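**Q** Please find the sequence and the predicted model below.
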Amino acid sequence: ADFFTAPLFSESGTTREVDAIDAEHAKNLQSDFWRSDAVLRLRARPDHPYSRFFTGNRQTLRGGDADARAALFAFHRAFYRAPQ
């Protein structure tokens with residue numbers, strides 16, 4: 001239960017998750033679905049959030065560095081509520 005209410009976001013755990021996300025992103029690059037989705041994003045209005053959405057990778061997640069971990073903690077504090 002503490003996993004959800006007080007996650008550790010350890011350095012090693014964050015690095016493992018970034019590696020997993022990067023591997024999934026690399027796999028998706030060859031997918032026809034993801035390629036067609038990229039075309040749709042290009043056609044979306046630039047001010048619409050969909051035009052900016054994409055999967056993360058090691059670069060966008062800053063390799064899971066200290067700033068990325070701090071962002072995880074900040075996101076959790078701002079948006080996580082136990083009843084949700």
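**A** Right, received. Where do you want to start?
**Q** CA only for contacts and neighbour counts going forward, please
**A** Fine.
**Q** Please identify the buried residues of the helix or strand containing residue 34?
**A** According to DSSP states H and E, residue 34 maps onto helix 32-43. For helix 32-43, the neighbour count (16 or more other CA atoms under 10 Å) marks 34, 38, 41 as buried.
**Q** what's the distance between the second one and residue 52?
**A** What that stands for is residue 38. Summarising the geometry, the distance separating residue 38 from residue 52, computed by CA to CA, to the nearest Å, is 10 Å.
**Q** Then the first one?
**A** Spatial separation of residue 34 from residue 52 under the definition CA to CA is 14 Å.
**Q** What ranges in the protein fall below the confidence cut-off?
**A** Under the criterion of pLDDT under 70, the regions of the chain flagged as low confidence span 1, 83-84.
**Q** which other residues reach the longest helix anywhere in it?
**A** In the chain, assigned by DSSP state H, the helix with the most residues is helix 11-28. Defining contact as CA atoms under 8 Å, 6 or more residues apart in numbering, one finds that helix 11-28 is touched by 34, 55, 56, 57, 58, 61, 63, 64, 65, 66, 69.
**Q** can you check stretch 60-79 too?
**A** Stretch 60-79 is touched from outside by 9, 11, 14, 15, 18, 58, with contacts defined as CA under 8 Å, 6+ apart.
**Q** Can you tell me the centre-most residue of the chain?
**A** When the chain is reduced to its mean C-alpha position, the closest residue under CA atoms, centre = their mean turns out to be residue 56, at 4.9 Å.
**Q** ok now do it, which residues does it touch?
**A** Residues near residue 56 by CA under 8 Å, 6+ apart: 21, 22, 25.
**Q** top of those by neighbour count?
**A** Counting neighbours by other CA atoms under 10 Å, the top entry in those is residue 22, with 20 neighbours.
**Q** Give the phi and psi angles for residue 10, as a check.
**A** In terms of degrees, to the nearest 10, the main-chain angles of residue 10 are phi -60, psi 160.
**Q** ignore the last one, residue 56
**A** Here the main-chain torsion angles of residue 56 (degrees, to the nearest 10) amount to phi -80, psi 170.
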